[in-house]
Structures are given as structure tokens and as C-alpha cells.
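Q: Provided below for reference: sequence and predicted model.
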Amino acid sequence: LLASVVLLAANIQAIRRLSVPRPVGSRVLLGQLALDVGVLSTFLLLSGGPDNPFIVLYLVHVALGAVMLPARFASVLTGFVVTCYGALHLSQWPLHLERHALGEPALLVAGNLVALTISAVTVTYFIVGLASTLRWREKLLRESQERTARTDRLRSVGTMAAGAAHELNTPLSTIGLRLRRVTR
């Protein structure tokens with residue numbers, strides 16, 4: 001219960017932080033992901049440890065960290081995940097699946113299916129959003145490059161026009177000077 005309350009409070013704080021339009025630092029993201037891993041580890045510890053099919057949810061955090069964090073922070077998060085997984089082997093509360101009406105094989109299959117589905121949907125959602133953001137940024141970059149190319153072309157036309165005016169000005173000035181001498 002305490003782990004759920006801590007996670008709820010942290011997520012409410014994260015939502016408040018995201019509602020204000022400002023960049024979120026890597027340390028904050030690392031802290032949030034590490035907190036999620038810690039709470040997930042607590043849930044896994046209380047529900048079968050490394051035998052729990054939801055162990056695969058660790059990979060979601062590793063994938064998110066690898067994409068969102070700088071390399072050194074992603075490495076720290078991965079190390080934390082591996083440490084938490086190792087700690088699950090030291091102390092765990094076993095699941096008593098034999099007491100359930102469905103039986104152990106059916107429960108493990110269902111648990112694996114649900115865990116894989118949650119992991120796959122989460123990673124897919126995140127990667128699709130990331131790819132969409134990258135496409136949008138590429139479009140903005142292309143538009144910016146096109147504007148820069150147009151500006152450069154206009155600048156070169158202006159430079160060429162100034163050069164042509166200078167070239168025309170020299171002979172015209174000479175002609176004007178000679179005409180003034182002749183007409184005096």
C-alpha cells in the first residue's frame with residue numbers, strides 16, 4: 001500500500017510538472033524512472049519475485065531510459081534494474097498458485113500474456129510517439145533549410161545587382177564627367 005501511495009504521489013507531481021511548458025531535465029526523468037523501477041520491484045517482491053511473469057516490465061523501463069536519457073543516465077538506470085532483479089532472488093514472497101481455482105499453468109500463461117501485452121503496447125506507444133516527433137522535427141528542419149536557401153539566393157542576387165550597379169556606375173561616371181567638361 002505504501003509503495004502505491006508513493007507512486008501515486010510521484011505521478012501526480014510529474015503530471016503537475018508536465019502541465020507547465022518547460023523542459024524536464026534528465027535527472028528528473030532518471031529519478032522518475034528509478035522510482036517506478038523501485039515500486040515495481042516492491043510489487044514483484046510481494047508477488048512471487050523473479051517467478052512473477054510481470055518481470056518483463058523491467059524492460060519497458062530500460063527501453064524508455066535508453067531512448068529518453070543520456071547514455072550515462074541510461075546505464076545507471078539499467079544497472080539499477082539489474083540490481084533490483086538480483087535483489088528479488090535474495091528475498092521473495094512466493095506466489096501460492098496452487099490455491100487458485102484456475103491452476104498454476106493457466107495462471108502463468110495468462111500472466112505472461114498480460115505482462116507481454118502491457119510491455120508491447122507501452123513500448124509501441126512510446127516509440128510511435130517518438131517517431132512522430134522526429135518526423136515533425138525533420139519537417140521543420142527541411143522548411144528551415146528551404147527558407148535559408150531562399151534567403152541565400154536572394155542575398156546572392158542582391159550582391160550581383162550591387163556588383164552590376166558598381167560596374168555600370170564607373171563608365172557612366174566617366175561619361176558624365178566628360179560631358180560636363182565638353183558642355184562648359
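A: Looks like it came in fine.
Q: which residue lies nearest the spatial centre of the protein?
A: residue 68 (3.9 Å; C-alpha atoms, centre = their mean).
Q: what's the burial count for the nearest residue to that residue once chain neighbours are set aside?
A: Distances taken as C-beta to C-beta, 6 or more residues apart in numbering place residue 29 nearest to residue 68, at 5.6 Å, with adjacent residues excluded. Placement of C-beta: from N, CA and C, glycine included. Neighbour count for residue 29, taken as other C-beta atoms under 10 Å: 18.
Q: what sits against residue 29?
A: Residue 29 makes contacts with 65, 68-69, 73, as judged by C-beta atoms under 8 Å, 6 or more residues apart in numbering.
Q: I'd like the average pLDDT over stretch 58-72.
A: The average pLDDT within stretch 58-72 is 91.
Q: what residues sit buried inside it?
A: By neighbour count on 16 or more other C-beta atoms under 10 Å, the buried set for stretch 58-72 is 58, 60-65, 68-69.
Q: what lies in contact with it?
A: In contact with stretch 58-72 (C-beta under 8 Å, 6+ apart) are residues 26, 29-30, 33, 36-37, 40, 73-74, 77-78, 81, 84-85, 118-119, 122-123, 126-127, 130.
Q: tell me the buried residues within the residues you listed.
A: Buried, going by 16+ other C-beta under 10 Å: 29-30, 33, 36-37, 40, 73-74, 77-78, 81, 84-85, 119, 122, out of the contacts of stretch 58-72.
Q: now, which of those residues lie within helices?
A: Within the buried ones among the contacts of stretch 58-72, residues falling in helices by DSSP state H are 29-30, 33, 36-37, 40, 73-74, 77-78, 81, 84-85, 119, 122.
Q: okay, now the unreliable bits of the protein?
A: 1, 3, 14-24, 92, 95-101, 184 (pLDDT under 70).
Q: which residues in this structure form helices?
A: Using DSSP H, helices in the chain cover 2-19, 26-46, 57-68, 71-90, 104-182.
Q: distance between the shortest one and the chain's centre?
A: Right, helix 57-68. Remark: helix 57-68 is offset 11 Å from the chain centroid, using C-alpha atoms, centre = their mean, to the nearest Å.
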